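J.: Next comes the sequence, and after it the predicted model I'd like to discuss.
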Amino acid sequence: MADYEIERVISPPFEEVSYVLWKPGREDALVVDPGFDPRTILRLLDKEELSVAAILNTHGHVDHIAGNRAIKEVFRDAPLVIGQGEQHLLTDAEANLSAGFGLPITSPPADRTVADLDRIEYAGFSFLVREIPGHSPGSVVFVCEEAEPPFLLGGDVLFAGSVGRTDLGGDFALLARGIRGKLWTLPERVVVYPGHGPATTIGHERQSNPFVGVHAGQSETAPGEP
């Protein structure tokens, strides 16, 4: 039985998955990668009578940060946390790709930046930060092995059956090395909560992922769009 609650909020037009997670009995929660539907996130928080302990951004692309401002306006004391290599995307509409879609969007600046192997604690969760660039300049994943079941908040690094796209200034070889070197060492039962699509596990992706799994070889060829 899980010792935490996690809810998905999927927002168009990119079908990005935001997460709200909390521990039963606590009154605070984490909001992860709030996208284009912050209203649903705020309604969920209100329904569950939860405050926000922190906003975690796995990276700074617009579909993962579009809701930052709306959440911060309600929960002003909640720190906005992002990888040190991504913080500039928050306030640069060109860098976060929103300008290219004709709708420039920026976020409040980071309150805290994190780097590889940092440990952070919010809302009763303890996370190990792993920096895995390649999809974006400094994507991070947040690994919580102490939870039951253990999990990671993966953003657009690793998906069920795929990996993050690298055709928008990314680097597939760098992304693949990061996944193989930093995620495949985790226990097989770790649940991956990605930024698009369904949840998966480290064990399943390590064995079967066609791009970075153990049977995929050491390809330097980038996948198509996930």
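T.: Everything's here; your move.

J.: Output the below-cut-off pLDDT ranges for the protein.
T.: For the chain, residues meeting the criterion pLDDT under 70 lie at 217-226.

J.: The spatially most central residue of it pairs with what?
T.: Nearest to the geometric centre of the chain sits Gly155, at 2.8 Å (CA atoms, centre = their mean). Beta-bridge partners for Gly155, by DSSP bridges, are Pro194.

J.: and it, how far is that from Ser136?
T.: Remark: distance between Gly155 and Ser136 (CB to CB, to the nearest Å) = 8 Å. The C-beta positions use only the backbone N, C-alpha and C, and glycine is treated the same way.

J.: list residues touching both of these two?
T.: Jointly contacting Gly155 and Ser136 under the rule CB atoms under 8 Å, 6 or more residues apart in numbering are 59, 164.

J.: tell me, how many neighbours does Arg69 end up with?
T.: The local packing of Arg69 (other CB atoms under 10 Å) involves 16 other residues.

J.: Can you give me every residue that contacts Gly102?
T.: Gly102 makes no contacts at all, as judged by CB under 8 Å, 6+ apart.

J.: Next, it: phi, psi?
T.: Backbone torsions for Gly102, taken as degrees, to the nearest 10, come to phi 80, psi 10.

J.: Would you map the helices across this protein?
T.: With DSSP state H, the ranges of helices along the chain come out as 38-47, 62-65, 68-74, 87-90, 172-182, 202-208.

J.: With distance to Val192 added, can I get these in a markdown table?
T.: Below are these laid out as a markdown table (distance: least, CB to CB, whole Å):
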| stretch | distance to Val192 |
| --- | --- |
| helix 38-47 | 21 |
| helix 62-65 | 16 |
| helix 68-74 | 23 |
| helix 87-90 | 23 |
| helix 172-182 | 11 |
| helix 202-208 | 6 |
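
J.: taking these together, which one is wrapped up most tightly?
T.: Greatest average neighbour count among the helices of the chain goes to helix 62-65 (a mean of 27), per mean count of other CB atoms under 10 Å.

J.: Tell me which other helices or strands that one touches.
T.: Counting contacts by 3 or more CB pairs under 8 Å, 6 or more residues apart in numbering; DSSP states H and E, helix 62-65 packs against strand 16-22.
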